[in-house]
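Peer 1: Would you be able to build a 3D model of this:
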Amino acid sequence: MSVQMFLHNRQGGIAVVTDQCGKKAQFLNDTLRPIPHPDTIRLDWVEICEINDQCPLIEWDDYLGEWEVKYPDSKFSFEYLRDAIDFAISEEQADD
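Peer 2: Okay, here's the model as predicted:
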């Protein structure tokens, strides 16, 4: 089971955090291991692609009601934007 926690303060080697129910706790900074949220990973990928101008075209198709990931020689359709971005990320990693 995972618990979502919110970091409030990180001074003096102590991190003060609150869980989703409002319960506060203190931890030593070196005992915490932040795990990035999947949407943060997606946004970082989109930002890097935009800066480097190397993203596949991801756009909404009003006629089909789907997100499309377009490459020069192919296109793939997805119901959700997250799925389209995840696909584009996996394609990029497969090329590496």
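
Peer 1: contacts and neighbour counts: CA atoms only from here.
Peer 2: Fine.

Peer 1: Which stretches in this structure count as strands?
Peer 2: Per DSSP state E, the chain carries strands over the ranges 5-11, 14-19, 24-28, 57-61, 66-71, 74-78.

Peer 1: can you tell me which of the ones you listed the model trusts least?
Peer 2: The weakest mean pLDDT among those belongs to strand 5-11, with a mean of 57.

Peer 1: Show me the domain layout of this protein.
Peer 2: 1-35, 38-95 (automatic domain parsing).

Peer 1: how long is the last one end to end?
Peer 2: The stretch domain 38-95 measures 21 Å between its terminal residues, going by C-alpha to C-alpha, to the nearest Å.

Peer 1: Tell me the gap between it and the middle of its chain.
Peer 2: Remark: domain 38-95 is offset 13 Å from the chain centroid, using C-alpha atoms, centre = their mean, to the nearest Å.

Peer 1: oh, and call the first residue 17 from now on, that's how I've got it
Peer 2: I'll keep to 17 as the first residue from here, and by that count the last item is domain 54-111.

Peer 1: List the residues that contact Ile64.
Peer 2: Neighbour list for Ile64: empty [criterion: C-alpha atoms under 8 Å, 6 or more residues apart in numbering].

Peer 1: Check the spacing between it and Pro52 real quick.
Peer 2: From Ile64 to Pro52 the distance is 16 Å (C-alpha to C-alpha).

Peer 1: What of Asp111?
Peer 2: Relative to Pro52, and taking C-alpha to C-alpha, Asp111 is found at 24 Å.
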